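In: Using only what follows, build the 3D model:
(2 chains)
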There are 2 protein chains.
Amino acid sequence: MTEARHRVVVIGAGFGGLQAVLRLKGAPVDITLIDRRNHHLFQPLLYQVATASLAPSEIAWPVRNLVAGRPEVRTILGEVTGIDKAARQVQLHGEAPVPYDTLLVATGARHAYFGHDDWEPFAPGLKDIDDATAIRRRILLAFERAEVETDPAVRRALLTFVIVGAGPTGVEVAGTIAELAHHTMARDFRALDPKEARILLVEAGPRVLSAFPEDLSAYAKSALERLGAEILTGHAVTECDADGVKLGAERVPAKTVIWAAGVQASPAAVWLGAEADRAGRVMIAPDLTLPGHPEIFVVGDTARLDAWNGQPLPGIAPAAKQQGQHVADTIRARLEGKAEPRPFRYKHAGSLATIGKRAAVIDFGWIKLRGWLAWWIWGFAHIYFLIGLRNRLTVALSWLWIYTTGQRSARLITGREQEEE
Amino acid sequence: MTEARHRVVVIGAGFGGLQAVLRLKGAPVDITLIDRRNHHLFQPLLYQVATASLAPSEIAWPVRNLVAGRPEVRTILGEVTGIDKAARQVQLHGEAPVPYDTLLVATGARHAYFGHDDWEPFAPGLKDIDDATAIRRRILLAFERAEVETDPAVRRALLTFVIVGAGPTGVEVAGTIAELAHHTMARDFRALDPKEARILLVEAGPRVLSAFPEDLSAYAKSALERLGAEILTGHAVTECDADGVKLGAERVPAKTVIWAAGVQASPAAVWLGAEADRAGRVMIAPDLTLPGHPEIFVVGDTARLDAWNGQPLPGIAPAAKQQGQHVADTIRARLEGKAEPRPFRYKHAGSLATIGKRAAVIDFGWIKLRGWLAWWIWGFAHIYFLIGLRNRLTVALSWLWIYTTGQRSARLITGREQEEE
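Out: Sure, this is the predicted structure:
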């Protein structure tokens, strides 16, 4: 007679969810890992897919293959439609509900338009592989169309790229598009000079990389300007359509607008009927559980906990991974009848952002770095955290190639266009 | 006062068109290269993208980058809508017509359904990157759905893969899906055993690889069977829909059907108002020109010339490249006032097909090879012909990885589904 094992259900195979599953190795639990995508995504490098530096398969891996050696882990590709807290079941679209004893919700976030969801078709954000290849298509097509465009005004709009939001993603996208235009594609066109391209980084706040110390912000700004990007701080986008954006009184005609301004948590708060903050993040207890529900954990970008010197935990991969580990340790302690770990304590290793292929800023707290050394540390750190030897090798090769030749290999326009003209 | 240079327009940046452009380097001509895609595709390896072995960017390169060092070559991403032979202009969708002095039409072919175009949504073919990623999505999704399917009949249909047509592409696809199911994914599922998958290669003719000698056909058949594929020769598909195919009297329920049965030339014959054969190929003169129009060349899969021991030229890359070279040499000779080269003479280097990752067949004419040695020759030949050092390195690395670990890195389900259930 076999005793039923404790059932852990994990929703979301991002950094938080996957880390919990990996950390539960050997624990006496049966795990079901549910995700809408079949792959775990190394999101910190997603902007490099959008800007044609890396191929999608270099930064994404099939989830079920990552847990292939763990017979107790079952992977389901499925869409969660709700959570029945009373019956302790996760409801899936078109499939049988999945019962749990312990639930971990780690479903991340998407970009947010601050009440202007109608802007999304004109200003796509960057959260998954399809977003990235769609943005890549837009950027590359804009140059192709400009090459055959005879109307100077239209051509100008085709060659204007507006990036909204100057956090790390916005800075990274702007820097890479500037490099693409001014270096990678410099010799590839005949009727146009790609250097004519205008890359405009718009930020409502007073400076770029506002989460970084002021001197690193200033360095990032000047590094971006050296790459040929323009920075416009203190300007919010007030209108956005197929032909451009409005920044206060000024209208900027632009055929390519990329949204990097805000995030909205996944609908987990709705599924859970739980209290959420303005960004949709579930308010959680210091042990990462849903108040009143010790069997439900919520982590990563889906959760709100002010446990970083009284500030919300940052929406970065290390924070999500540490939370996933904490959840796994708590589950393990409970099953072994031991004392649960103390409330989650976040250890901040540092903040990193890169500007093109030769500069980066790093704030370790005890030391601040900028320039080429920071870039190399950034590069090695990201390669180190990539899953799998093969991806480390190919990403290293891709970067080495871009670094030495300036050429990007993933300049493919794929997919059918949504909006045909 | 500058003299107007001879204008060469090339439609299609496949093997034939690109080769002509490369061979015209240094000639006193202005070249316009038009393609609907922004990339040149190494089509012989496209099936490896469809079966998750390679990433799209490993076998495709931006056309304009390939000719970046040639200021006299202009690249246009555009859709040809017609050719005005009298005015000597190529008409483009939404753009100004492009005038030519010499025109090369090398627009390739697509898969053909022999009068059953309504089968296409159910049985996609494999001609471009989007076809390949769509087929990859279907194959991988079928396994994902089978994993959560409780109805045994539906699960059986989900795990049945029908490949229609046993030419090189059909054999390569069937062999690779068999390997994917029986090796790569063997440990990745819980509710299903991927080895349950049925891979059925259907061929209307009497044997697989009918263009090869009979003993190599027989070897390919047994190699496929060793990989776990079933071969059904002498059976034509008579019906095809979302639930499967009908083979004569027998109905085979299958959620994934892949079409590798026939090709239809691009609409070049219609554009040119030219005589075409049943497959839509333009009938051309021995010097590769359109009869009556020495200024128009048609090559590759778009053209029909019975110049291979009285048989039509084969639809393979080397044949297209040789024709592209011949056209370039003819243009050059004319401009230099020299005698034109003799009628096009095709040199057949050999026929190759691969069956999974350890076997291949090669017919050099003077020697026939099969087995692992043939596979290594096939592999080296393909890496050698890939454009660019970087792609040679990454493809070699991808293959080495698959060969030694059995793992395929490009197992990504991307793109939105066309037909939602």
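In: Enumerate the residues of the stretch 251-400 of chain A near chain B.
Out: Taking Cβ under 8 Å from any Cβ of the partner chain, the part of the stretch 251-400 of chain A that reaches chain B is made up of A:Gly388, A:Arg390, A:Asn391, A:Leu393, A:Thr394, A:Leu397, A:Ser398. In short, each C-beta sits where N, CA and C put it, glycine included.
In: tell me which element the fourth one falls in.
Out: Element membership of A:Leu393 [criterion: DSSP states H and E] is helix A:389-405.
In: helices or strands up against that helix?
Out: Packing contacts for helix A:389-405, counted by 3 or more Cβ pairs under 8 Å, 6 or more residues apart in numbering or on different chains; DSSP states H and E, involve helix A:372-385, helix B:389-405.
In: Adding mean pLDDT, mean neighbour count and distance to A:Phe161, write those helices out as JSON lines.
Out: Converted to JSON lines, the helices and strands packed on helix A:389-405 look like this (pLDDT from 0 to 100; neighbours: other Cβ atoms under 10 Å in any protein chain shown; distance: least, Cβ to Cβ, whole Å):
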{"stretch": "helix A:372-385", "mean pLDDT": "89", "mean neighbour count": "16", "distance to A:Phe161": "22"}
{"stretch": "helix B:389-405", "mean pLDDT": "78", "mean neighbour count": "17", "distance to A:Phe161": "26"}
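In: can you list the ones you listed in JSON lines and add distance to A:Ile331?
Out: Listed next are these as JSON lines, based on distance: least, Cβ to Cβ, whole Å:
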{"stretch": "helix A:372-385", "distance to A:Ile331": "24"}
{"stretch": "helix B:389-405", "distance to A:Ile331": "31"}
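In: Determine which of the ones you listed approaches B:Ala166 most closely.
Out: Proximity to B:Ala166 (Cβ to Cβ) singles out helix B:389-405 among these, at 23.3 Å.
In: Where do the helices of chain A begin and end?
Out: According to DSSP state H, chain A carries its helices in the segments A:15-23, A:46-50, A:63-66, A:129-148, A:152-158, A:168-179, A:214-227, A:268-272, A:317-335, A:372-385, A:389-405.
In: and of the ones you listed, who's closest to B:Glu225?
Out: Per Cβ to Cβ, nearest to B:Glu225 of the helices of chain A: helix A:63-66, 26.9 Å.
In: same for that closest one, what does it pack against?
Out: Taking 3+ Cβ pairs under 8 Å, 6+ apart as the contact cut, helix A:63-66 packs with strand A:39-41.
In: related to what we said a few turns ago, out of the helices and strands packed on helix A:389-405, which gets nearest to A:Pro267?
Out: helix A:372-385 (28.3 Å).
In: The closest one vs helix A:389-405, what angle?
Out: 150 degrees (axes from the mean of the first three to the mean of the last three Cα atoms, to 10 degrees).
In: contact partners of helix A:372-385?
Out: A:42, A:44-45, A:317, A:352, A:354, A:357-362, A:369, A:392, A:395-396, A:399 (Cβ atoms under 8 Å, 6 or more residues apart in numbering or on different chains).
In: one more time with 6 Å
Out: With contact meaning Cβ atoms under 6 Å, 6 or more residues apart in numbering or on different chains, helix A:372-385 is reached by A:Leu352, A:Thr354, A:Arg358, A:Ala359, A:Ala360, A:Val361, A:Ile362, A:Arg392, A:Val395, A:Ala396.
In: Make a markdown table out of the residues of the stretch 251-400 of chain A next to chain B and add distance to B:Trp61.
Out: Listed next are these as a markdown table, based on distance: Cβ to Cβ, whole Å:
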| residue | distance to B:Trp61 |
| --- | --- |
| A:Gly388 | 25 |
| A:Arg390 | 22 |
| A:Asn391 | 22 |
| A:Leu393 | 21 |
| A:Thr394 | 17 |
| A:Leu397 | 16 |
| A:Ser398 | 14 |
